[in-house]
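1. okay, sequence plus prediction incoming.
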Amino acid sequence: MTGREKKEYNDLFYVCSLIEYISRQTKNHRNVVVNALGRDKLQHLYELADVYHSDSIDKITDDLIRDFDIETGHFDNIATAQYLIPTHWDIGKVYKRLIIAVCNKQNKLPVDALIEAYNSWLSRKIEDFNSSMYYENPDYLYAC
């Protein structure tokens, strides 16, 4: 462990933040981006997150949007937000904590837990920035 948390947790945080960033750029629900990237690419991003983290998030986003043909959607939770908008890093942290809880309590691999979390009903609630769900206690999010 280097720093304040395990490397794996930081890698997961980066991947979740990247998913949020791509989703905002393409105006898609988060599960659309996760499913477009697929398990193999998500695993690759997770395993090499420390390398990708040193590159521009805009460049990585552009490359992934192009390489995985992620089309522009119609979901714009930024434009419809009535309150303070959390950053993609803030939302990455929310998902990281949720995924870690799923891994620890259900004995799942990180990428499998990630796919499950983003494809759950809870993801639609987290991405609604007019609700309070994204800043709820991590234990509460897991219980949901």
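-> Looks like it arrived, so ask away. Numbers count the residues shown, from 1 in each chain.

2. quick check: mean pLDDT of stretch 28-38?
-> Rounded to a whole number, the mean pLDDT of stretch 28-38 is 98.

3. tell me the secondary structure at the residue nearest the centre of the chain.
-> Closest residue to the average C-alpha location of the chain: residue 16 at 2.7 Å, with Cα atoms, centre = their mean. The local conformation at residue 16, judged by DSSP: H, G, I helix; E, B strand; the rest coil, is helix.

4. quick one: contacts for it?
-> Contacts of residue 16 were listed using Cβ atoms under 8 Å, 6 or more residues apart in numbering, and they are 91-96, 99, 114. Where you see a C-beta, it was placed from the backbone N, CA and C, and this is true even at glycine.

5. one more time with 7 Å, if that's ok
-> Contact partners of residue 16, counting by Cβ atoms under 7 Å, 6 or more residues apart in numbering, are 92, 95-96.

6. can you check residue 116 too?
-> With Cβ under 7 Å, 6+ apart, residue 116 has these contacts: residue 102.

7. hmm, try it at 8 Å
-> Per Cβ under 8 Å, 6+ apart, neighbours of residue 116: 102, 108.

8. how about the secondary structure of it?
-> Here residue 116 is recorded as helix under three-state DSSP.

9. tell me where the protein has helices.
-> According to DSSP state H, the chain carries its helices in the segments 7-26, 30-47, 49-52, 57-67, 88-106, 110-118, 121-126, 138-143.
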